[in-house]
Structure formats: structure tokens, C-alpha cells
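Undergrad: I would like to see how this sequence folds:
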Amino acid sequence: MRHCFEQPDLPALAFRKAFGKNRASTLEGGGKGGGSAPSAPDPYTVANATTQTNTDTAAYNKALNLNNYSNPFGSQQSTQTGTDPKTGAPIYNTSISASQPLQNLINGSLSQAGNSNTTLNNSLFGLSSLGSQISPQAAQQANQQGQQAAYAAQTQYLDPQFAQGQSSMESQLANQGLTPGSQAYTNAMTNFNNAKQQAYSNAANQSVLTGSQIGSQLLNNQLASVGTQANLYGQQASLSQLPYSQLSSLAGLIPGNTGTSQSAAQPANIAQAFQNQYNGQLNAYNAATGSSNSIMSGLFGLGSSAIGAFSDRRLKTDVEATDARLDSGLPIYRYRYVWDAPGVRRAGVMADEVKHVFPHAVHTDSSGFDKVDYDAIGGRHVLAIR
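TA: Predicted coordinates for the structure are as follows:
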């Protein structure tokens, strides 16, 4: 008897049932074992992992830089005293101490610094009071007094000189027979008075210049005196800062005062690690999907002649009962295999129903699906129905 079923060239588990499904796992998504593509990394998970990695690295770097050390001038000791209640970050306390000789020098400089404050305050007060020693009013008054004195000194010789000159002039005019009211007399007296007026005007001008020089000299003397005192106060202020400079130099000798050494470890790129893991899973999935698709492509190429005897209900979809029956009474169904294109229609029996009538005509394939020997049930012609 010729049997109308053949063994397809497929791996043993090619049609293993998917969990909870009535169809082959290889048809449930195309992935390895019928699964779906791996999910992309959760950004919140990646962010939390990155934050934790950075936090751990920061804590490591902090501990790396908190060195306990000492030298002849002192020592530095760091200890963890607790953790921050909100972030959990460690809290450290660093104690820096100077050696006894250095501490004695520092104490002496601190004492001098305290005394220097008094000196500095006195200097600042003296500087602020120097302005009161400059008096423009005094300079102006000296100007006026010098002007008056210079004018008086000039005119004390002019007064008797011109009084005597006027008497001589009048006697001379009288001897010449020139009387008051005559033109010659008037001209002579006018010239005399002009000379007198010019002499007194020159004396006044000279007294103004002299008074200005006296006032300016007084003001310059005041400024020079204030400048000298300001320079002395400035020197005192500078000397008062010397203890602070000494303190700064001494403090630089204490360990740790200039800062701890800086060392750092770079945090791991956990985000890239997540991405690499996802890419690996995705590549594996794509490879498995490609392999599965290759298998299914080969299966579809077998055609109906090779797989037409598969009558397992699990491999069929769009099943519809027809009015036709075999002589044995087995009903004929229209259907298409799960791998068929949507427009394909086939006809045949269901293996589970054949078992009740012709159990010898049903064979279970190594893949776990049932086949029917159509010759054994007298239904060879059914395979040709479309």
C-alpha cells in the first residue's frame, strides 16, 4: 500500500508547542524558542545604577584623598563621624594639629597680632584726624595780613617822600612866578599827583603778591606737616600687619593646611554596559529569528505534496466544516495551514476524528503532530480539493 505522507526535513523541535498556545512555538514570534525581542534597558534602572556607581566612586575618591599623615611641624587625622541622613553620604571630621614648637610660635604671633590691632587703630585714628590740621581759612588770613603788612611797609616811606616833594614843588613854582590856577602850575601839579598815584598803586600790587606768597607758604607748610605724619601712621599700620604675615607663613607649615592631595578613580560607564548587554541579547535574538525564518522558508517550499498528509488540528487555521463526507462518514473540512498564505484553501479530515474510525491510519510524527494515511481511509481524492 502506498502511503501519502512524507517526513519533512525539519529539526525534531521545529514544531514544539508554544506554552499556552495551540500552535507551534516557532510560529509564535519567530524568536528563539518562539519568544519576542529583548526589551530595551529601562532608563530609570540605568539612571539608578549610574547614580549608585557614581556615588560609590565618589565615596571611594573621598576616602582615597583623606590621608592621615604627619611631619615635624604637625599632623592630620581624618575619621568618619557619621552619614548624611538624606543622602547617606559619609561625613568625615579632619583634625589638624601643629607640633609644640610650631604652636608656641603661632601663639606668640597671635599675641603680637592682638597688640597690633591697637597700633593699627591708633594709626587709623591719627590718619582720620590729620584733615583738621589743614586750615584754608588760616592761609587766607595770613594772605590778608601779609598783604596789609607789605603795603604798610611800602607806604611808610612814600608818605613823607611825597609830602616833602609836594612842598618843594610848590616853592619851585612860586619862585618861577607860577601861581595856582595858571596852566603851567596845573600841569606841574597834575604830573606830580600822577607820579604819586602810580607809586602807591605799585605798592598795593606788590603787597598783594607778597600776601599771596605768605598764605601759600603757610598752606604748603601745613600740607607738608600732614604728609609727614601720614607717612609715619602708614608705617605703623604696615608694621601692625607683620604678625599676620608671620601667622600665614607658620600656618603653611601645618600638614593639610594647603589642602589634601587629589586622587580620583573614574566611575564605571554602567549605562554603556547596559547597552552592550542589550545589544548582545538583541543580536542573539536576531540570529535566532533569522534561523527560524530560514527553517520556515524551507518548510513553505516543500509544497502541499510533502505536507499534505499533516492532519493535526493544531496545524490548521480558518477551519470550516463542509457538507461533504467520506464513505466512512468522516466529515470533510476546509482550512489552511498556519504557514499558508491567507488566500490558500485546502480540504481534508482531522486526525483526531480519524483515530476513532481508522486508528491504524493515524501516525504521530517525531515532531509530535499527527499524520493521516489518506489511502487507508479511502480519501486520496480529498487532497485535490481546493
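Undergrad: Name the surrounding residues that touch stretch 114-123.
TA: 233-234, 236-237, 239-244 (C-beta atoms under 8 Å, 6 or more residues apart in numbering). Using the backbone N, CA and C atoms, a C-beta is placed for each residue, glycine as well.
Undergrad: This protein - how does it break down into domains?
TA: 25-36+288-384, 114-250 (automatic domain parsing).
Undergrad: now the strands for this structure?
TA: 69-71, 74-83, 90-98, 316-325, 331-337, 346-348, 362-364, 370-372 (DSSP state E).
Undergrad: now for those, which one comes closest to Gly211?
TA: Of all these, strand 90-98 sits nearest to Gly211, with 67.5 Å by C-beta to C-beta.
Undergrad: Send me that closest one as PDB with only the CA atoms.
TA: What follows is strand 90-98, C-alpha atoms only, in PDB (Å, rounded to 0.1, in the frame of the first residue of the first chain):
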ATOM      1  CA  PRO A  90      29.700  59.600  54.700                       C
ATOM      2  CA  ILE A  91      30.600  62.600  56.900                       C
ATOM      3  CA  TYR A  92      34.200  63.000  57.900                       C
ATOM      4  CA  ASN A  93      36.000  65.100  60.500                       C
ATOM      5  CA  THR A  94      39.600  66.100  59.900                       C
ATOM      6  CA  SER A  95      41.700  67.200  62.900                       C
ATOM      7  CA  ILE A  96      44.900  69.200  62.100                       C
ATOM      8  CA  SER A  97      47.300  70.000  64.900                       C
ATOM      9  CA  ALA A  98      50.700  71.700  65.000                       C
END
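Undergrad: Just to check, Ala40 is in contact with Tyr278?
TA: Yes - in this structure, Ala40 is within contact of Tyr278 by C-beta atoms under 8 Å, at 6.0 Å.
Undergrad: Looking at those two, which one has more neighbours?
TA: Neighbours were counted for Ala40 and for Tyr278 using other C-beta atoms under 10 Å; Tyr278 has more, 15 against 12.
Undergrad: Could you pull up the contacting residues of that one?
TA: 38, 40-41.
Undergrad: The longest helix belonging to the chain packs against which elements?
TA: With secondary structure taken from DSSP state H, the chain has its longest helix at helix 183-240. When contacts are defined as 3 or more C-beta pairs under 8 Å, 6 or more residues apart in numbering; DSSP states H and E, helix 183-240 sits against helix 100-129, helix 136-175.
Undergrad: which stretch among those comes nearest Thr190?
TA: The nearest among the helices and strands packed on helix 183-240, by C-beta to C-beta, is helix 136-175 at 11.3 Å.
Undergrad: Tell me the buried residues in that closest one?
TA: Under the neighbour-count criterion of 16 or more other C-beta atoms under 10 Å, helix 136-175 has 139, 142-143, 146-147, 150-151, 154-155, 162, 169-170, 173 buried.
Undergrad: Dump the residues you listed into JSON lines; add pLDDT and distance to Arg346 as well.
TA: Converted to JSON lines, the buried residues of helix 136-175 look like this (pLDDT from 0 to 100; distance: C-beta to C-beta, whole Å):
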{"residue": "Ala139", "pLDDT": "77", "distance to Arg346": "130"}
{"residue": "Ala142", "pLDDT": "78", "distance to Arg346": "135"}
{"residue": "Asn143", "pLDDT": "83", "distance to Arg346": "134"}
{"residue": "Gly146", "pLDDT": "81", "distance to Arg346": "139"}
{"residue": "Gln147", "pLDDT": "80", "distance to Arg346": "140"}
{"residue": "Ala150", "pLDDT": "80", "distance to Arg346": "144"}
{"residue": "Tyr151", "pLDDT": "83", "distance to Arg346": "146"}
{"residue": "Gln154", "pLDDT": "79", "distance to Arg346": "149"}
{"residue": "Thr155", "pLDDT": "82", "distance to Arg346": "152"}
{"residue": "Phe162", "pLDDT": "83", "distance to Arg346": "159"}
{"residue": "Met169", "pLDDT": "85", "distance to Arg346": "166"}
{"residue": "Glu170", "pLDDT": "83", "distance to Arg346": "169"}
{"residue": "Leu173", "pLDDT": "84", "distance to Arg346": "170"}
